[in-house]
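**Student:** take this sequence and fold it.
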Amino acid sequence: MLRSPLIALALVASLGPAAADDGCEKFAWSLARERAAFAATGKATIAAGKASKSISLAGCTTSTIVFALLASSRGGRWVRAVVPTTGSFTVYLNTTVASNTAVAWIAFTNPTNHSG
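**Tutor:** Below is the predicted model:
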């Protein structure tokens, strides 16, 4: 009974390390660049009676990718769209809110600046 696991272990050990011919050794991902990418986050308030909020963001362009979600519990309300423009983006809800509503967001201001 003990013989099968020992044979399997010996077989795996004899294979040696896998070769890294997939290009990973050339992949250099800057941690500083990633920290900068995640630095574009925030929280905003959509005022009572409104269904959208424009948020200023330096470096924002029409290519910026922005994700937003409600940070307040509002039944039947959700983020319908987030539309980036030069210098800002607008968060649109599906309908107006009865009270001030928090929205959390994260923006990737240069999504084409990633390699790999």
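**Student:** what comes up buried for the helix or strand containing Thr45?
**Tutor:** Under the criterion of DSSP states H and E, Thr45 resides in strand 41-46. Neighbour-count burial for strand 41-46 flags 44, 46 (criterion: 16 or more other Cβ atoms under 10 Å). C-beta here means a position set from N, CA and C on the backbone, and glycine is covered the same way.
**Student:** direction included, what does that strand pair up with?
**Tutor:** Within its sheet, and counting by DSSP bridges, strand 41-46 is paired with strand 101-108 (antiparallel).
**Student:** ok, Ile55 - contacts?
**Tutor:** Counting by Cβ atoms under 8 Å, 6 or more residues apart in numbering, Ile55 makes contact with 42, 44, 88-91, 105.
**Student:** most widely separated two among these?
**Tutor:** Gly42 and Thr90 (13.9 Å; Cβ to Cβ).
**Student:** quick one: low-confidence parts of the chain?
**Tutor:** 1-27, 29, 33-39, 110-116 (pLDDT under 70).
**Student:** hmm, try it at 50
**Tutor:** Of all residues in the chain, those with pLDDT under 50 make up the ranges 114-116.
**Student:** next, Phe67: secondary structure please.
**Tutor:** strand (DSSP: H, G, I helix; E, B strand; the rest coil).
**Student:** apart from its chain neighbours, what residue comes closest to it?
**Tutor:** Ile106 (5.3 Å; Cβ to Cβ, 6 or more residues apart in numbering).
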